[in-house]
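Engineer: Provided below are the primary sequence and the corresponding predicted coordinates.
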Amino acid sequence: MPRKEYPRRIYHNPAELLRDLRAVRRERRRVRALHNGESVNAAFRERLMLAVTQVNGCRYCTYVHAKAALRAGVGFADVAALADGAIEGCPREQIPALLYAQHWAESDGKPDPEARQRVLETYGEAGTEAVELSLRAIRVGNLVGNSVDYLLYRASFGRLGNGQR
């Protein structure tokens, strides 16, 4: 029986992980400001993180950021919708960034320049940089979590949990 490809995004080599970790480390002051709600409020940040996590499929980040979103005041229905990839219940002013977050994740952090330009026009340079920092930070968490799961998957001879193959 041919082996199926692993269904989630992972780091394919240590150099990819190191590159992402260095990028986030270089921005550690801005990451701290982001975490403290200084550049993006906590509810918006958690919505962005859930949008990316839904695309990347990290079960650990889904759990952690769903709890964080609820603590930040995001309603249960909105958290559940975001976990399914829907953004309809989100604040209107956040929808362009959330759509961009999904596109950003789907394009593996290499968004279409026109899509980025629309975000720049909506949020300005500082707002766009804060959004993209959120996206980069959660990408690292997603891919690390998924890479750990991939190692577990390989150790189990390619059997996924929950009866999946």
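Structural biologist: Ah, there it is.
Engineer: drop to CA atoms for contacts and neighbour counts, all remaining ones
Structural biologist: Will do.
Engineer: On the three-state scheme, Asn34 is what?
Structural biologist: Wrong residue type there; residue 34 is Leu, not Asn. helix (DSSP: H, G, I helix; E, B strand; the rest coil).
Engineer: Hmm, Leu135 and it touching each other?
Structural biologist: No. At 11.2 Å, Leu34 does not count as touching Leu135 under the criterion of Cα atoms under 8 Å.
Engineer: any chance you could map the strands in the chain?
Structural biologist: Counting by DSSP state E, the chain has no strands to list.
Engineer: low pLDDT regions in it?
Structural biologist: Applying pLDDT under 70 to the chain flags residues 1-4, 158-165.
Engineer: so how many other residues sit close to Asn13?
Structural biologist: Around Asn13 there are 9 other residues, counting by other Cα atoms under 10 Å.
Engineer: Tell me who's in contact with Asp84.
Structural biologist: Asp84 is in contact with Gln54, counting by Cα atoms under 8 Å, 6 or more residues apart in numbering.
Engineer: picking up where we left off before, okay, Leu34 and Leu135: which has more neighbours?
Structural biologist: More neighbours surround Leu135 than the other of Leu34 and Leu135, with 24 against 20 (other Cα under 10 Å).
Engineer: doesn't Val52 make contact with the more buried one?
Structural biologist: Yes. If you go by Cα under 8 Å, Leu135 and Val52 touch, sitting 6.8 Å apart.
Engineer: Now for these two: what residues contact both?
Structural biologist: Listed as contacting both Leu135 and Val52 by Cα under 8 Å, 6+ apart are Ala101, Trp104, Ala105.
Engineer: Which of the residues you listed ranks first by neighbour count?
Structural biologist: Ala101 (27 neighbours).
Engineer: Determine the longest helix present in this protein.
Structural biologist: Looking across the chain with DSSP state H, the single longest helix is helix 113-155.
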